[in-house]
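> what would the 3D arrangement of this be:
(2 chains)
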Amino acid sequence: MAAETVEIKRAAGAALRRISSAELHFLENCVGCALCESVCPYTEVDPGYGPVSKAELLRRIYRKEMTISGMILGPLVHAWMPGAGDLGLVREVAYRCTNCWHCYTVCAFGINSGTLVNMLRTVVDGVGMTPAVLAEMRKLELEGAGGKASATLAEVLNRAAKEIGKDLPFDKKGANVLYVPWPVEAALDPDSVVATIKILDALGEDWSIPKDPLGLRVPVGSLVGDVKAAEEAMKSFNDRVSDLSPKIVLLSDGGYPYSSLRFELAEAVGSTPSYRVVHVSEYLAEKLREGKLKLRSGSERVTWHDPCKLGRSAGVFDEPREVLKAATSGFRELPHNRKDSYCVGGGGGMGWLSDELRKVAEEKLGVKSSSDGESEFLSKADSDLKKAMKRKMEDVKKSEAEIIVTACPMCVKTLVMGSQIHGPEIKVEHISTFVAERLG
Amino acid sequence: MQPVPATDLYNLAVYSLLPVTIFVFVAGMFYRISRYVSTWKRPRASSPKRGKGFGGAVVGLIMTFLHPIIFSLKKERSMFTTGLLAMHVLGVIPLLFLLAHHVVWWAYFFPPYAALKPLAIPTSSVSSYLSLSAPVHPASSMSFDFVNTVWGPLTAVLNGDVLAVIATVAVGYKVLERIPKISGGRRYIRIGDFVALLLLFAIIVSGYVATHHMLGPDMSDYRTALGFHILTAEILVMILPFTKFFHFVFGYWYGKLHEWYDLVLRRGV
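Numbering: from 1, shown residues only, chains lettered A, B, ... in the order given. Below you'll find the model as predicted:
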């Protein structure tokens, strides 16, 4: 057997070795109704990027590797092991998913195709074909997110300290709130970090902040299907947070770090954390209910974009709306909202494959943004992302809002990109930024 | 009248293959479900859940099942009409479980099923005879009294003939709509889809043919048609645990309950 084939089989084995009963269901029980196609931002780019078609590649590998009929009948039952010449297609398909879970919520059988696409990324990773920018980010996180990444965050924290006119309470033990910003947030949406600090200061909160980053954007490994790296990053995060023993870990990042740390961390570290993981929108709503958060109310036309990992994956729907409605009488929903919110298209690492954000990765985080032989793959990914954004921007246009507020740095960045490419002209703000500007 | 042969298709299907069918089905189900049991992992620790109380859990359970239906009704009408309404809501539930012939069949093997007899759906809106005792196609163009069932005027639709036609058209549509998709990059279309749909087609059409004695007036013709109908249904039951039909008895229910646990009870979505 050729060395490449052995390597592919080993990578496939690694992806499928420890499947759970739920993953077995995802692999085996799709009837191919393709209802999921209609919600995926990438189906509009190419029908072959529909969730069911993407997952089918992993299912074929699964049939070949792990079912008797697949081993015996092969192509007749669509069992297949990719050869070296197929890996380009496998990588392309694996990196046309934002893991937004919209397909999961509309599936008549409760199949999470995002999970399967992530397992396909495990195969891609196993043969060393993970896009360089993401592979480098994973490495940087496991090495402590130092260098340029750390410097970028430090610069933003210095700015925040200047704006509130105080030194930041670094590494204070036993604080009520430990605010954890990531270098990635500082690189993509620094205003949200500064604004969150302003809010904590204005509320007189007993808070603290890590002096050094607790990761690049924990867990980066989850973006490339590297379960081990993700677990390692979460363990390191948990150890450092536990040392500081806060009651609440506050995140302004409403992307994958929130759902991972809120719902996956306990399993990764093997114990229930001693602290609560809270998103800033939940925190703000709580303070509003307690009467501690006072906002100047206006009448701007404001809408809310539900980040997939905050809404569909974590159930935080009501809190941000509560806050926005307290700040403006002009709040309106997007036509597709809450559980049916359209994904912008940049999540799940997709945004990092764009030309614009790879430059940010290089300049602000110090990671190599491409490797030899990737140019065609990256160029197509960039073009596909721009096409995928269109549907969301049409939704935004229909809302006739002048400000779209959200909570994930990648959503902020891709909404800005989408607005520039497809219109409408709209101000995009993180909820912390929006609230900090309206503190009463 | 021709003599009934001792070894015809009917005898093969009803007497010889039935125990084999049941054995293969049970063994297959045991195999499939045991894989789910063996891959189940006890969580090492659990994060705090974001449940929304008992009421939220109940509403969430109902919505977990309803959401895809509502979504398909809004966004994918052809899928809703053919896949859900024609094939499942009309095709499977009334035809498979309530058609008078099938009620008799189920009740023979599972006597309490006879309790559903009052809900039985007739073969046609003008005849409630089971076709073993009488062919049901009208013998003349004279008017007939409508069958008096609990379904009242709904009997005009809820009868074997109409439902069989609807289900046949839906299955045919499902076959045809898949063909152009093969070349459209949709790699999820599989040979097995066509096998499954053609098998369904064979079951429905043979049932219709048997009911209407379309092969001929002799008892042997009827036995051949009905034997073929039962045989194809047995093939479906035998392959059920190993094919997409598995969703009917396990996959659908497991998937939605898992989704309910994961999204509603655990994450509060």
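
> ok, now how distant is the closest residue in space to B:Thr123 that isn't next to it in sequence from B:Ile121?
Excluding the flanking residues, the one nearest B:Thr123 by Cβ to Cβ, 6 or more residues apart in numbering or on different chains is B:Gly160, at 4.3 Å. The C-beta positions use only the backbone N, C-alpha and C, and glycine is treated the same way. To B:Ile121, B:Gly160 is 7 Å away according to Cβ to Cβ, to the nearest Å.

> residue nearest the centroid of chain B?
The residue lying closest to the centre of chain B (Cα atoms, centre = their mean) is B:Val92, at 3.3 Å.

> from B:Ile62, how far off is the nearest residue to it once chain neighbours are set aside?
Using Cβ to Cβ, 6+ apart and skipping the chain neighbours, the partner closest in space to B:Val92 is B:Phe248 (7.7 Å). Applying Cβ to Cβ, the value for B:Phe248 to B:Ile62 is 21 Å.

> between the two, which one's more packed in?
Legend: neighbour count by other Cβ atoms under 10 Å in any protein chain shown for B:Phe248 and B:Ile62, higher for B:Phe248 (15 against 10).

> pLDDT at that one, what is it?
pLDDT recorded at B:Phe248 is 89.

> and the one 5 residues further on, by the same measure?
Per-residue confidence for B:Trp253 comes out at a pLDDT of 96.

> which strands or helices does the helix or strand where it lies pack on?
Using DSSP states H and E, B:Trp253 falls within helix B:252-259. For helix B:252-259, the elements it packs on are helix A:21-28, helix B:53-75, judged by 3 or more Cβ pairs under 8 Å, 6 or more residues apart in numbering or on different chains; DSSP states H and E.

> turn those into TSV, columns for distance to A:Leu203 and mean pLDDT.
As requested, the helices and strands packed on helix B:252-259 are exported to TSV (distance: least, Cβ to Cβ, whole Å; pLDDT from 0 to 100):
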stretch	distance to A:Leu203	mean pLDDT
helix A:21-28	40	97
helix B:53-75	29	93
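
> can you find the helix or strand in chain A with the smallest mean pLDDT?
One helix or strand of chain A scores below all others by mean pLDDT, DSSP states H and E: helix A:3-16, with a mean of 87.

> show me the contact partners of that one.
For helix A:3-16, contacts defined as Cβ atoms under 8 Å, 6 or more residues apart in numbering or on different chains pick out A:58, A:61-62, A:65-66, A:81-84, A:87, A:119-120, A:122-127, A:225.

> show me what counts as buried in stretch A:236-251.
For stretch A:236-251, the neighbour count (16 or more other Cβ atoms under 10 Å in any protein chain shown) marks A:Ser236, A:Phe237, A:Asn238, A:Arg240, A:Val241, A:Leu244, A:Pro246, A:Ile248, A:Val249, A:Leu250, A:Leu251 as buried.

> would you confirm that the first one contacts A:Pro213?
No - here A:Ser236 does not reach A:Pro213: they are 10.9 Å apart, not a contact under Cβ atoms under 8 Å.

> tell me which residues of the least confident helix or strand of chain A are tucked away?
Neighbour-count burial for helix A:3-16, counted by 16+ other Cβ under 10 Å, picks out A:Ile8, A:Lys9, A:Ala11, A:Ala12, A:Ala14, A:Ala15, A:Leu16.

> in CSV, list those along with distance to B:Ile204.
Shown next, in CSV, are the buried residues of helix A:3-16 (distance: Cβ to Cβ, whole Å):
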residue, distance to B:Ile204
A:Ile8, 43
A:Lys9, 43
A:Ala11, 44
A:Ala12, 39
A:Ala14, 45
A:Ala15, 40
A:Leu16, 37
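
> closest one to A:Lys173 out of those residues, please.
A:Ala14 (39.8 Å; Cβ to Cβ).

> got phi/psi on B:Ser183?
The phi and psi values for B:Ser183, taken as degrees, to the nearest 10, are phi -90, psi 0.

> state the pLDDT value of the residue in the stretch 101-250 of chain B that chain A sits nearest to.
Among the residues of the stretch 101-250 of chain B, B:Gly185 lies closest to chain A, at 3.2 Å counting by Cβ to the nearest Cβ. B:Gly185 carries a pLDDT value of 80.
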